[in-house]
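> sequence and predicted structure below; questions after.
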Amino acid sequence: MASPAQQLPPGWAAEWDPNNQRYLFIETATGHSQWEMPAVNPELGGMQPGMSPGMSPSVSPPPAGGPQHSKRRQYAAGQTQAYYGPVDGLAPQYGAAAPQPGGQPAQLFTPGLAADNQFQQQQMVAQQQPSYFAGSQPPPEPEYINAPGFGQQPAPAVGALADQFGQMNMGMKRPQLFTTNLLTAPPDPRELHRPPPDICLPPNSSISPSPYANADPSYQRCTLNAIPASSSLLNKSKIPLALILTPYRSLEKDEEPVPLVTDTVIARCRRCRTYINPYVQFIDGGNRWRCCMCNMSNEVPQLFDWDQVRNQPGDRWARAEMNHSVVEFVAPTEYMIRPPQAAVYVFLIDVSHAAIQSGMVATATRTILENLDRIPNDESRTKVAIVAFDASLYFFSMPPGTTDSSMLVVSDIDDVFLPKPTDLLVNLSEARASLESLLGRLGDMFADNNTIGSALGPALQAGFKLMTPIGGQIIVLSASLPSIGAGALKNREDPKILGTSKESGLLQSASPFYKTFAIECSRAQVSVDMFLFSASYQDVATLACLPHYTSGQTYFYPAFNASRTEDAIKFAHEFGEVLAMPVMLEAVMRVRASKNLRMSSFHGNFFVRSTDLLAMPAVPQDQSYAIEVTIEDTLTAPFVVFQTAVLHTTCYGERRIRVITLALPTTSNLSEVFASADQIAIATLLANKAVERSITHKLEDARDALFSKMVEMLQAYKQSMTAGGAGASAQLAIPDNMKMLPVLVLGLLKNVGIRQSAQIPPDLRAYAQALLTSLPSQLLIPNLCPTFYSLHNMPPECGTVGEHGVILPPPLPLTSERLERHGLFLIEDGQTIFLWVGRDSVPQLVMDVFNLPNYEVLRGGKTTLPLLENSFSQRVNAIVQKIREMRRGVYYPHLYVVKEDGEPPLRLWALSCLIQDRADVLPSYQQFIGQLRDKVNGSSY
């Protein structure tokens, strides 16, 4: 069969979307994109969506009845039917057009207006019963393997009107605005994977035709892809202006590395210090260049046109910095205060009774031992130290060239000192034998340790003393609340204040020691990573201060027990990935922007050293930052440029500068501001701001601020962009490119870090907040808006390997009305995977997946799926494996089996991921949209 690209009518392009494993169709004239094949008037010889070239466009639609089954699911379908359209009949597969009743012509989509029954016609959903229900005889090849998938039809193609408007717009391509009515358009989970709105730069903005001349959104994205020309226009839209950065993101297997400029010829503007990039202009016969930020004229360096490798004249147009928005320069000596530091790892390991009993020490030492070869050490300069602690400190002397190591105990924790000047911090290559021997014996040394108490503060001071002259990473593994010496903490967990206005106090640091110590660390280029394992209260909120100000990361394993293999595997995988991660050392980051744009506030794990210089002792991969931008005066240029520069030392000892450039057009048209809003970037910013507000004010204030911001944006759109204006309206209008924002905001309001509840332990809440402020968008969005799959009736290709890896099932809306009593479902949020098993699941399903005779003997809870000799088991395992591997970051999600009538806490936890349902005091999606509509209309009477 011909590929979709070959079947397209004129004026359309097809682009493969790896997240959804399907094509996205883009109308080249307008930039409008859609999932389904574009429809063309059949009279002009075009094809209807979903038809193969041989089909006649006049084929009558299939009958609506379809075969009926006697047994129906036992859920009230009223709301689903009203919202998602009728649920009987045969569903078209994804990408197929819904049949038009009575042979009516396809309707044009008018922004903001829903025609009679238009929504029901578009949203035909079928649920054909699979063979898994009680009383059926399992056939030799189970039918569930070939059952039809969920087939929900997305919004219709924008027709001739858009074409006409697109042709009127001569010259520069402009963002097109389409309106959606939230009351009649339920959220489609696939919309979250759509690319951000196109960046429509004026012609010839870039001196390079390269497709890489503008930053990929995974490195740097803006909440608006067209910048308002004045702050008053920005205020009118109520959309916040901010940059979302992940400057050091990991690369996928098939991605090219960031281009490296090795000749140390670095052209920078004399006035604003901007690095040369594809948006500058060459003037004066190419001898000078004009800065795209401040318009200063600068000389082109003499060696800019010289190829130092071949020692001959070079082509400046082929230089990486002229063609790529993300580029790295090898820094010359003037960018160094001292020679580049070696990578240093100091492990602080808790060996108190609780840590030994949980198996944490044994798992940690084994993981370090197994990953010694993965620790970055190409130049053989990496240094390592191990300090154990309970109520005392235990240093280990590891002389190079031997397999011996001796333990030195320091019991005076009030005045910490190093017991020996040498052999405590050792070269990894030289002392490899003694280090391996020590790691093999460490668990046994303390096996009978009954000491209770944790001198974490003094241990941190000792680690700091070891590495102050160089800098590096302190990796803390702690299994109890610090209770002795500097930084000792008290258990302040009080169930009575959970859910009250005083709860935010538990999310603030309880001791000034950790913030002051963190700032000392930052000054000495020391970063701290926290691995926390306690079964009881550990004050994550206070301990997370250290990673927060030193650009580290916090990892939390509540009630860790290595005797559960799932716990041991998760920790060993994540810890191993952290050890193997190439980090940027002694880094400073600054974001520059065009004239009249200023970076006003910063969110993320770093310390703001001066007004806009961010100090990062070690930058881990895939950590995200958000920076709010203020428009100080009218922008007169046709486009503006944001440039992020990170000066750092690689863990292989080379000083480099990573430069990321993003150019965005300016506009004085409010409709273009709305049409260019990036809902993913806005949600990422709102998550950061909500966490900050919950700590500085109250959790309730954070929730109110989120709701108010959503109302403000909807009001601004209604008043300026719809015919209703300021009056009350029966619809709730939003730009099509922002239609998933209400779901994301609802997901944020229901996230453990922000949610209104009197049941959430402070440690879990603090850890959830640490994730909200550090996860890159690719991991944060599923954390807010989980993914929900039906496995028992997924299409036959799901779980098999396709052109772009394992094919995932189509995602379902996040509501329990989609659950069926005989079904098997998967819900995942990037941190946890739930397999929901319905109570009427037939024995064949349970046998095929879990190798157990029936549902009754299946146990809920943390589990590892068996890989069985049947295709369904192999497909389910492949899907779970793909989910664990498909996103960036070190996280390895636990898998929980959830029985429909199983333990209530586990069941409620899984159901809390279905954010479109009502839960406790929190509204369902329909109720939330109703509240938004009332508020938007209420204030305009």
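Structure received.
> point out where the stretch 301-450 of the chain drops to low pLDDT.
In the predicted model, the stretch 301-450 of the chain carries no residue with pLDDT under 70.
> now the helices for it?
Along the stretch 301-450 of the chain, the segments classed as helices by DSSP state H, counting those that start in this stretch run 320-323, 353-358, 360-370, 432-445.
> run through the stretch 651-800 of the chain and note the low-pLDDT ranges.
Within the stretch 651-800 of the chain, the stretches with pLDDT under 70 are 724-728.
> can you rerun that using 80?
By pLDDT under 80, the low-scoring segments of the stretch 651-800 of the chain are 722-730.
> what strand or helix carries the residue nearest the centre of the chain?
Centroid-nearest residue in the chain, with CA atoms, centre = their mean: L779, separated by 2.3 Å. Element membership for L779, per DSSP states H and E: helix 777-784.
> dump the helices of the stretch 301-450 of the chain to JSON lines, plus distance to Y891 and mean neighbour count.
Yep, even glycine has a C-beta here, placed from its N, CA and C like the rest. As requested, the helices of the stretch 301-450 of the chain are arranged in JSON lines below (distance: least, CB to CB, whole Å; neighbours: other CB atoms under 10 Å):
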{"stretch": "helix 320-323", "distance to Y891": "32", "mean neighbour count": "21"}
{"stretch": "helix 353-358", "distance to Y891": "20", "mean neighbour count": "21"}
{"stretch": "helix 360-370", "distance to Y891": "16", "mean neighbour count": "21"}
{"stretch": "helix 432-445", "distance to Y891": "25", "mean neighbour count": "18"}
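> so for P796, which of those helices sits nearest?
Comparison of the helices of the stretch 301-450 of the chain against P796 by CB to CB identifies helix 360-370 as nearest, at 39.2 Å.
> okay, the angle between the closest one and helix 432-445?
160 degrees (axes from the mean of the first three to the mean of the last three CA atoms, to 10 degrees).
> give me the contacts around helix 360-370.
Residues from elsewhere that reach helix 360-370 (CB atoms under 8 Å, 6 or more residues apart in numbering): 347, 349-351, 355, 436, 439-440, 442-443, 446, 477, 479, 531, 533, 560, 562, 568, 571-572, 575-576, 579.
> just those residues: which are in strands?
If you go by DSSP state E, those have F347, I349, D350, L477, F531 in strands.
> what about L865, distance to L852?
12 Å (CB to CB, to the nearest Å).
> got it, and S601?
Using CB to CB, S601 is found at 54 Å from L852.
> ditto for Q21
Distance from Q21 to L852, by CB to CB: 31 Å.
> count residues in the vicinity of F642, would you?
A count of neighbours around F642, defined by other CB atoms under 10 Å, yields 24.
> swap in E15?
Other residues within reach of E15, judged by other CB under 10 Å, total 12.
> just A572 next, same as before
18.
> can you check D404 too?
Neighbour count for D404, taken as other CB under 10 Å: 12.
> in contact with the nearest residue to it once chain neighbours are set aside, which residues?
With CB to CB, 6 or more residues apart in numbering as the criterion, D404 has its nearest non-adjacent residue at 6.1 Å, and that residue is S434. S434 makes contact with M398, P399, P400, T402, T403, D404, S405, V426 under the criterion CB under 8 Å, 6+ apart.
> and those residues as CSV, adding distance to V361?
Below are those laid out as CSV (distance: CB to CB, whole Å):
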residue, distance to V361
M398, 18
P399, 24
P400, 25
T402, 24
T403, 21
D404, 21
S405, 16
V426, 20
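> restricted to buried residues, select the residues you listed in PyMOL.
Buried residues within the contacts of S434, by 16 or more other CB atoms under 10 Å, are selected in PyMOL with:
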select buried, resi 398+405+426
